[in-house]
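Novice: Need coordinates for the below:
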Amino acid sequence: MSLNRSPLLVLAIAGGLLSFSQGLPAQPPAAPAPPAAPAKPVEAQPAVSGEKLPTGKEVFAKALEATGTEKARKELKTRVTSGTIKIESQNIEGKFEFKIGEDRRMINTVDLGDMGKVVRWTDGKKGAEAQPGGQARLLTGDDLLDALRNATLFPESTPDAFFKSVETKGVEKVDGKDCYKVETTSPSGEKRSWFYSKETGLLAKWSSVKKRGPMEVTTDTLVSDWKEVDGVKIAMTQKQVNSVGEMSFEIVIHADKVEHNTKLTDADLAAPDEINEVLSGDTKPNQDAKPDAPSEKPERPKHKPDGK
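Specialist: Below you'll find the model as predicted:
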């Protein structure tokens with residue numbers, strides 16, 4: 001399977017940027033190198049004798065404190081992040097702009113040059129994704145919850161809005177540092193792992209496995225380069241490795257600029273035409289990128305972002 005011809009690449013780009021967060025290239029990429037032997041998985045380590053593991057929500061609370069004071073967080077209402085995206089194995093470079101408004105409104109645009117654009121959008125209730133060539137699909141189930149979570153400035157403050165369970169599973173090393181491994185379960189049963197530094201409290205990595213039609217996509221994302229912007233810490237770099245079968249590719253996402261409390265108008269957060277069409281039912285969603293339906297109806301968010 002050629003990655004540049006697969007919806008997997010587009011989905012990975014959009015999905016990866018959400019946490020921050022198709023046409024063909026001018027010439028086909030070189031054949032990928034044989035995959036390296038998979039590393040032996042690192043087992044979660046038990047707590048040191050006498051040490052009591054914090055609960056998942058306690059780990060989230062520490063992460064919030066590490067990010068910034070409650071006062072600093074409450075003063076921030078909107079965020080606009082822009083930067084670059086690079087996929088060296090596919091000879092792809094692009095730019096992104098990620099706008100988060102109030103009430104979980106968001107539009108995330110990834111410009112891949114000749115390949116076109118990927119856009120993810122939510123108005124706080126509905127969500128959709130547009131792909132190069134005008135293809136679009138509605139976001140439902142866990143995909144919609146992911147979009148809403150990433151449209152929240154500090155999602156660790158409202159875990160009940162997105163997960164039905166949050167559990168600390170143990171301690172694992174990420175880049176040689178001890179991290180609490182927190183496993184979340186979505187309303188449909190999808191599990192995701194989050195690794196928070198024991199020393200700093202900040203997120204170091206997250207991992208997930210998603211079904212995309214007949215494919216199972218594994219994603220491991222290293223989060224780094226935390227910098228203080230307007231009184232809160234922001235991860236400026238993400239290195240995401242996406243794997244399906246024996247194929248894998250790495251996406252490096254780097255934020256060059258982060259602005260808070262920018263006045264975002266309705267026009268700034270408006271859905272593009274192709275998304276409006278799929279929302280109105282005038283066009284069919286992209287079947288190639290359609291995820292499996294969740295096993296049960298997702299819960300409605302119980303809280304607004306930042307406890308409002």
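Novice: where's K86, which helix or strand?
Specialist: For K86, the host element (DSSP states H and E) is strand 79-87.
Novice: which residues sit against the helix or strand following that strand?
Specialist: Downstream of strand 79-87, the first helix or strand assigned by DSSP H and E is strand 92-100. If you take Cβ atoms under 8 Å, 6 or more residues apart in numbering as the criterion, strand 92-100 is touched by 4, 17, 20-21, 25, 78-87, 106-113, 115, 150-153, 253, 264, 268-269. No exception for glycine: its C-beta is placed from N, CA and C like everyone else's.
Novice: rewinding a little: report the mean confidence score over the strand holding K86.
Specialist: On average, the pLDDT along strand 79-87 is 96.
Novice: thinking D142 is in contact with R192, fair?
Specialist: No - when contacts are counted by Cβ atoms under 8 Å, D142 is not listed as touching R192 (9.3 Å).
Novice: where do the contact lists of the two overlap?
Specialist: Common neighbours of D142 and R192, counting by Cβ under 8 Å, 6+ apart, are S186.
Novice: measure stretch 196-213 end to end?
Specialist: Chord length of stretch 196-213, first to last residue, is 31 Å (Cα to Cα, to the nearest Å).
Novice: which parts of that stretch are buried?
Specialist: Buried positions in stretch 196-213, judged by neighbour count with 16 or more other Cβ atoms under 10 Å: Y196, S197, G201, L202, L203, A204, K205, W206, S207, S208, K210, R212.
Novice: Now for the nearest residue to the fifth one once chain neighbours are set aside: which residues touch it?
Specialist: Pointing back at L203 there. Leaving aside its chain neighbours, L203 sits nearest to V223 (5.1 Å; criterion: Cβ to Cβ, 6 or more residues apart in numbering). By Cβ under 8 Å, 6+ apart, the residues touching V223 are L202, L203, A204, K205, W206, A235, T237, Q238.
Novice: re earlier: the buried residues of stretch 196-213 into a markdown table, with extra columns for distance to K99 and secondary structure?
Specialist: A markdown table is the format used below for the buried residues of stretch 196-213 (distance: Cβ to Cβ, whole Å; DSSP: H, G, I helix; E, B strand; the rest coil):
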| residue | distance to K99 | secondary structure |
| --- | --- | --- |
| Y196 | 27 | strand |
| S197 | 29 | strand |
| G201 | 27 | coil |
| L202 | 24 | coil |
| L203 | 22 | strand |
| A204 | 26 | strand |
| K205 | 26 | strand |
| W206 | 22 | strand |
| S207 | 27 | strand |
| S208 | 24 | strand |
| K210 | 25 | strand |
| R212 | 26 | strand |
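Novice: Show me which of these is closest to A130.
Specialist: Nearest to A130 among those is R212, at 17.3 Å by Cβ to Cβ.
Novice: H260: neighbouring residues, count only.
Specialist: 19 (other Cβ atoms under 10 Å).
Novice: pretty sure it is touching R79, no?
Specialist: Yes - H260 lies in contact with R79 (Cβ under 8 Å); the separation is 5.5 Å.
Novice: Let's have the buried residues of stretch 196-213 in a markdown table, adding pLDDT and distance to A128.
Specialist: Output for the buried residues of stretch 196-213, formatted as a markdown table (pLDDT from 0 to 100; distance: Cβ to Cβ, whole Å):
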| residue | pLDDT | distance to A128 |
| --- | --- | --- |
| Y196 | 98 | 31 |
| S197 | 98 | 35 |
| G201 | 98 | 34 |
| L202 | 97 | 31 |
| L203 | 97 | 27 |
| A204 | 98 | 31 |
| K205 | 97 | 29 |
| W206 | 96 | 24 |
| S207 | 96 | 26 |
| S208 | 92 | 21 |
| K210 | 83 | 18 |
| R212 | 73 | 17 |
